[in-house]
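**Q** Sequence unavailable; structure follows:
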């Protein structure tokens, strides 16, 4: 799938060789993760847990739009609560 030899893949897996940038990107695409996930760990750049991002990748475009709408509702609710909290001080 990566168009590299088994020996080269084994060397990458065991840390004896580093993959080229092209191979690294193909690995990320095949295992459906972002490069920052492999380089930095389990959190996405904006502290979004990777499991949420992974699950969104399994959604249809219309599901993603629905999730976006839901997040907008949460943001507005939090803004409203923040304003209410500020006025109580």
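**A** Yep, that arrived. Given the structure is predicted, the values throughout are model-derived calculations rather than measurements.

**Q** next helix or strand past the strand or helix carrying residue 8?
**A** If you go by DSSP states H and E, residue 8 is part of helix 6-13. Sequence-wise, the next helix or strand downstream of helix 6-13 (DSSP H and E) is helix 21-31.

**Q** tell me which residues in the next helix or strand after that next one are buried?
**A** Going down the chain from helix 21-31, the next helix or strand is helix 35-40, by DSSP H and E. Residues residue 37 are the ones in helix 35-40 that count as buried (16 or more other CB atoms under 10 Å). The C-beta positions use only the backbone N, C-alpha and C, and glycine is treated the same way.

**Q** Kindly spell out which helices and strands sit in contact with helix 35-40.
**A** helix 21-31 (3 or more CB pairs under 8 Å, 6 or more residues apart in numbering; DSSP states H and E).

**Q** Are we agreed that residue 76 is in a strand?
**A** No. Per DSSP: H, G, I helix; E, B strand; the rest coil, residue 76 lies outside any strand segment and is helix.

**Q** State the distance from it to residue 52.
**A** 20 Å (CB to CB, to the nearest Å).

**Q** And residue 16, by the same measure?
**A** Distance from residue 16 to residue 52, by CB to CB: 34 Å.

**Q** Tell me how many other residues crowd the nearest residue to residue 17 once chain neighbours are set aside.
**A** Excluding its sequence neighbours, the residue lying closest to residue 17 (CB to CB, 6 or more residues apart in numbering) is residue 11, at 4.0 Å. Per other CB atoms under 10 Å, the neighbour tally for residue 11 reads 15.

**Q** And residue 34, by the same measure?
**A** 16.

**Q** for residue 33, same thing?
**A** 15.

**Q** Need the pLDDT of it.
**A** The score at residue 33 is 80. That number is its pLDDT.

**Q** show me the residues around it that make contact.
**A** 50, 54 (CB atoms under 8 Å, 6 or more residues apart in numbering).

**Q** Quick check: it vs residue 78, distance?
**A** For residue 33, the distance to residue 78 - CB to CB - is 29 Å.

**Q** give the contact list for residue 18.
**A** So residue 18 contacts residue 12 (CB under 8 Å, 6+ apart).
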